[in-house]
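[1] Pasting the sequence and the predicted model now:
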Amino acid sequence: MLSQIIKELERAGGVIDLNELSRRLGVQRSALDGMIETLVHKGRLREVEVGETPPMCASCAERSGCTLVSIGKAYEVVR
């Protein structure tokens, strides 16, 4: 399941709402949160600080009003 999270993030271009991701994977949001924390701990994902624009968002026209960034948590895949 952890590799599926990485694949879905990459497929979405690195930006996806976590509620949407949980729906796509067929898991509860609380379970997804735990899996994401595991991926962060393993060094596969990095949490992007609040107010920091994730690199994958730099060219997006919506970045100034992005609800994904404004909720306070965003993650990027570590290569």
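    Now that the structure is in, tell me what you want to look at.

[2] Tell me the predicted confidence for residue 65.
    Here the pLDDT value assigned to residue 65 is 58.

[3] give me the low-pLDDT residue ranges for the protein?
    49-72 (pLDDT under 70).

[4] before we move on, which element is residue 13 in?
    According to DSSP states H and E, residue 13 maps onto no helix or strand at all.

[5] Next: residue 22.
    Following DSSP H and E, one finds residue 22 within helix 18-25.

[6] isn't residue 40 right up against residue 46?
    Yes - counting by CB atoms under 8 Å, residue 40 does reach residue 46; the two are 7.0 Å apart. Yep, even glycine has a C-beta here, placed from its N, CA and C like the rest.

[7] Can you pull the residues that touch both of those two?
    Here residue 40 and residue 46 have residue 75 as joint contacts, going by CB atoms under 8 Å, 6 or more residues apart in numbering.

[8] Residue 39 and residue 33 touch, don't they?
    No - with contacts counted by CB under 8 Å, residue 39 stays clear of residue 33, the gap being 10.9 Å.

[9] more neighbours, those two?
    Set side by side, residue 39 and residue 33 show more neighbours around residue 39, with 20 against 14, by other CB atoms under 10 Å.
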